[in-house]
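Q: coordinates only, sequence not included:
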């Protein structure tokens, strides 16, 4: 019979490996039910949609450049008794202050879309804070309302962007249905993209300067309304507390999942 011997140095190294693995399991939990990652830190996610049984959807518009179609969009929303959320860039606010006031006066919600529309992932925490605070201050000065929603330009984000925005009191909002109106798709093509995907709790992305956005909106609003959907502001769609965000970015009410 052969005896197996291990040196003291090797024993110490093996123990150190097990200790490191244990620490990783404790501190690098992925944050989602049943998902533990040893090698990667927790990934922070924005809200892409909401798990709900209510037939509510949120229509959203990003406004970065141009305002030619904005009045048409507001008129269409009013016709269908639809409330929407407009994510505004600070430089757009500077160029169209009267339109900002009009959007707010019509009962729509205004969110923050940064100050200069940068790639947020490349910014420091201080730079991110400046991008958000500058725009929110401009919006509040024009509307008298605090801004509590933020959508990153280009839909780009990392943990630093999400965590910094949340620390400043913002909910970070993405989307689960993309019209791709910025590609100048026809109204028919956009409708075929949007209508099969829209569901309870969806957040639908448009742009205020999309070439055919005013043309497709009546189709989208009319069809979804006929299906029994209501069009609400993002802040009226999302949960304010007692929730978690799963690995797909769906915001889920915690109490619904308690055993």
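A: Nice, thanks for sending it over. Predicted model only: the values in this text are computed from it and were never measured.

Q: what about the strands in the stretch 1-150 of the chain?
A: Listed in chain order, the strands of the stretch 1-150 of the chain (DSSP state E, counting those that start in this stretch) span 29-32, 35-36, 49-50, 56-63, 84-88, 109-112, 149-150.

Q: please compute how far the longest one lies from its chain's middle.
A: Read it as strand 56-63. With C-alpha atoms, centre = their mean, to the nearest Å as the basis, strand 56-63 stands 11 Å off its chain's centre.

Q: quick one: the closest residue to residue 136 other than its chain neighbours from residue 67, how far?
A: Spatial nearest neighbour of residue 136, excluding adjacent residues (C-beta to C-beta, 6 or more residues apart in numbering): residue 147 at 4.1 Å. (Each C-beta comes from the backbone N, C-alpha and C, glycine too.) Applying C-beta to C-beta, to the nearest Å, the value for residue 147 to residue 67 is 19 Å.

Q: neighbour count winner among those two?
A: With other C-beta atoms under 10 Å as the criterion, residue 147 and residue 67 differ in neighbour count, and residue 147 comes out ahead with 22 against 16.

Q: was I right about the more buried one contacting residue 134?
A: No - assessed by C-beta atoms under 8 Å, residue 147 is found out of contact with residue 134, at 11.2 Å.

Q: can you check which residues contact both of those two?
A: None of the residues lies in contact with both residue 147 and residue 134 under the rule C-beta atoms under 8 Å, 6 or more residues apart in numbering.

Q: between the strands of the stretch 1-150 of the chain, which one is nearest to residue 238?
A: Smallest distance to residue 238 across the strands of the stretch 1-150 of the chain (C-beta to C-beta): 5.7 Å, for strand 49-50.

Q: returning to what we had before: okay if I get the strands of the stretch 1-150 of the chain as CSV plus mean pLDDT and distance to residue 160?
A: Written out in CSV, the entries for the strands of the stretch 1-150 of the chain read as follows (pLDDT from 0 to 100; distance: least, C-beta to C-beta, whole Å):
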stretch, mean pLDDT, distance to residue 160
strand 29-32, 35, 16
strand 35-36, 38, 21
strand 49-50, 98, 23
strand 56-63, 98, 21
strand 84-88, 98, 20
strand 109-112, 98, 17
strand 149-150, 98, 13
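
Q: of all those, which lies closest to residue 205?
A: The nearest among these, by C-beta to C-beta, is strand 56-63 at 5.8 Å.

Q: contacting residues for residue 51?
A: Residues in contact with residue 51 (C-beta under 8 Å, 6+ apart) are 201, 250, 251, 252, 253, 256.

Q: among those, which ones are in strands?
A: In this view, these that belong to strands under DSSP state E are 250, 251, 252, 253.

Q: most neighbours out of the residues you listed, which is it?
A: Neighbour tally across those (other C-beta under 10 Å): the maximum, 23 neighbours, falls on residue 251.

Q: distance check, that residue against residue 173.
A: 10 Å.

Q: please enumerate the shared neighbours of the two.
A: With contacts defined as C-beta under 8 Å, 6+ apart, the residues shared by residue 251 and residue 173 are 47, 238.

Q: buried ones in stretch 205-224?
A: Residues 205-217, 220-221, 224 are the ones in stretch 205-224 that count as buried (16 or more other C-beta atoms under 10 Å).

Q: same list (the strands of the stretch 1-150 of the chain) but as JSON lines, adding mean neighbour count.
A: As requested, these are arranged in JSON lines below (neighbours: other C-beta atoms under 10 Å):
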{"stretch": "strand 29-32", "mean neighbour count": "16"}
{"stretch": "strand 35-36", "mean neighbour count": "12"}
{"stretch": "strand 49-50", "mean neighbour count": "24"}
{"stretch": "strand 56-63", "mean neighbour count": "26"}
{"stretch": "strand 84-88", "mean neighbour count": "26"}
{"stretch": "strand 109-112", "mean neighbour count": "25"}
{"stretch": "strand 149-150", "mean neighbour count": "26"}
